[in-house]
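Participant: okay, predicted coordinates and the sequence, questions at the end:
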Amino acid sequence: MARRERTHSSSSSVFGHLPQLGVALPISTGAARLTQEQDGSLLLEVNGVPSSHLHPDPRHLVFEYMRWMQLVIDLHLQQISGTAPQLAHLGGAGCALPRAVAAAHPGSRHIVVEIDGQLAERAREWFDLPRSPQLRIRIDDALSALTAWREDRFDVLVRDVFAGSTTPDSLLTADACTHAARVLKDGGIYLANCAAPPGSGLMADEVATLSTVFEHVSAIAEPAHLSGKRRGNCVLVASSRPLPEGIDRALRSDPVSVRLARPQQVEALRRAGRVRHSPT
């Protein structure tokens with residue numbers, strides 16, 4: 001479950017066409033509920049799990065892990081050439097991250113894969129999302145879309161897919177990582193939201209699995225999470241080329257005490273983890 005930074009601004013919401021707040025509404029995969037906080041931001045829960053938090057300022061992200069992803073994306077997009085960087089997002093919900101990146105980088109183009117068609121329709125109705133072609137929503141299973149895309153298509157690929165509070169096993173395998181590397185351009189960045197309970201070994205398994213495909217792998221997490229002492233969202237970062245410079249320095253401005261894992265920490269995770277493969 002993602003944590004969020006609470007703010008107390010009195011700014012009013014810029015959103016329109018909102019449903020009755022606090023009421024569970026049917027969607028294809030269950031129920032969605034929308035609540036509004038004092039700063040005018042909107043929290044979207046899907047089947048009781050906080051899934052998106054959208055602020056009136058589209059560039060302001062409330063969920064911590066999304067801020068960390070946004071920071072890496074900003075650094076990467078500053079380094080690449082081209083007027084229309086291509087980004088893919090596996091998992092959509094309220095589309096908070098693509099909305100934020102689109103606002104910060106108006107020339108960027110985003111495709112969001114969301115399995116719940118009714119949720120995608122409601123997100124378009126409730127939130128001020130950029131229109132196509134800047135932000136397109138594809139109704140599909142994440143792995144199905146990933147395997148169907150052509151190679152060398154995207155500058156950034158984000159994985160933020162959950163069934164309840166866990167990522168589907170099919171997206172944690174070496175096969176899925178191979179497809180992620182295949183659809184990225186040379187030097188493209190793969191970002192994955194990993195919610196690892198203490199003692200599960202999930203973060204280590206993910207680092208070990210990513211390392212079989214990507215030459216450069218790291219993790220953004222709070223120290224207690226890196227050491228396995230508590231549950232939390234970490235962001236896994238992987239690329240065929242060295243990661244953008246300045247990630248750890250930029251993270252120090254975040255309200256949360258979060259760091260980019262040191263190389264020795266990443267190596268320890270890799271050695272402790274097991275490579276996950278698709279069932280035969």
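Facilitator: Structure received.

Participant: do you have the helices of this protein handy? List them.
Facilitator: Counting by DSSP state H, one finds helices in the chain at the ranges 64-79, 96-104, 117-126, 142-148, 174-183, 202-211, 223-226, 247-251, 263-272.

Participant: so which of those comes closest to residue 257?
Facilitator: Comparing the helices of the chain against residue 257 with CB to CB, the closest turns out to be helix 223-226 (7.0 Å). Heads up, the C-betas are built off the backbone N, CA and C, glycines and all.

Participant: flag every buried residue along the closest one.
Facilitator: Neighbour counts over helix 223-226 (16 or more other CB atoms under 10 Å) mark 225, 226 as buried.

Participant: elements contacting it?
Facilitator: Helices and strands touching helix 223-226, by 3 or more CB pairs under 8 Å, 6 or more residues apart in numbering; DSSP states H and E, are strand 232-239.

Participant: using CSV, write out every CA atom in the strand it packs on.
Facilitator: Listed next in CSV are the C-alpha coordinates belonging to strand 232-239 (Å, rounded to 0.1, in the frame of the first residue of the first chain):
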residue,chain,number,x,y,z
GLY,A,232,7.3,-0.4,2.0
ASN,A,233,7.2,0.6,-1.7
CYS,A,234,10.6,0.7,-3.3
VAL,A,235,11.4,1.7,-6.9
LEU,A,236,13.6,-0.7,-8.9
VAL,A,237,15.5,1.1,-11.7
ALA,A,238,17.1,-0.8,-14.5
SER,A,239,18.8,0.0,-17.8
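
Participant: that strand: which residues count as buried?
Facilitator: Going by neighbour count (16+ other CB under 10 Å), the buried part of strand 232-239 is 232, 233, 234, 235, 236, 237, 238, 239.
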